[in-house]
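Asker: predicted model and sequence below, questions to follow.
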Amino acid sequence: MAEGLSNRLCALRAERDLTQAALAEKVGVSRKTINTVENGVFIPSTLLALKLARALGCTVEAIFSLETED
């Protein structure tokens, strides 16, 4: 059983009318970092996940969830 991490970062960011660059500035990372998190290329640290949740006004669990394959 393989585990992966899925996220709703792009959708939540769009709902708040934020660009990748604007969100990146709010949390202190590059736009490319936001892009790689949204595309599942980069798994953020706990600190970055918490900063993203705070910037988006939601919980970490609203952004990220574990995905399992049978």
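Answerer: That came through, no problem.
Asker: need the contact list for the nearest residue to residue 35 once chain neighbours are set aside.
Answerer: Once flanking residues are discounted, residue 35 sits nearest to residue 20: 5.7 Å by Cβ to Cβ, 6 or more residues apart in numbering. In this view, the C-beta of every residue, glycine as well, is placed from N, C-alpha and C. By Cβ atoms under 8 Å, 6 or more residues apart in numbering, the contact set of residue 20 is 13, 31, 34, 35, 38.
Asker: report the buried members of those.
Answerer: 13, 34, 35, 38 (16 or more other Cβ atoms under 10 Å).
Asker: the last one touches residue 6, doesn't it?
Answerer: No. Assessed by Cβ atoms under 8 Å, residue 38 is found out of contact with residue 6, at 11.0 Å.
Asker: about what we covered before: which pLDDT does the model give the residue nearest to residue 35?
Answerer: What the model reports for residue 20 is a pLDDT of 98.
Asker: enumerate every residue touching residue 59.
Answerer: With Cβ under 8 Å, 6+ apart, residue 59 has these contacts: residue 53.
Asker: for it, give its distance to residue 7.
Answerer: 13 Å (Cβ to Cβ, to the nearest Å).
Asker: now do residue 14
Answerer: 13 Å.
Asker: what do you get for residue 39?
Answerer: Taking Cβ to Cβ, one finds residue 39 at 9 Å from residue 7.
Asker: which one of the two has more residues nearby?
Answerer: Neighbour comparison, residue 39 and residue 7: the larger count goes to residue 7, with 20 against 11 (by other Cβ atoms under 10 Å).
Asker: angles on the backbone of the more buried one, please.
Answerer: Main-chain dihedrals, residue 7, degrees, to the nearest 10: phi -150, psi 160.
Asker: in space, what's closest to it - neighbours in sequence excluded?
Answerer: residue 64 (5.0 Å).
Asker: go on, residue 44?
Answerer: Nearest non-adjacent residue to residue 44 (Cβ to Cβ, 6+ apart): residue 37, at 5.4 Å.
Asker: which outside residues touch the helix or strand containing that neighbour?
Answerer: For residue 37, the host element (DSSP states H and E) is helix 31-38. For helix 31-38, the surrounding residues in contact (Cβ under 8 Å, 6+ apart) are 7, 9-10, 13, 20-21, 23-24, 42-44, 48, 52.
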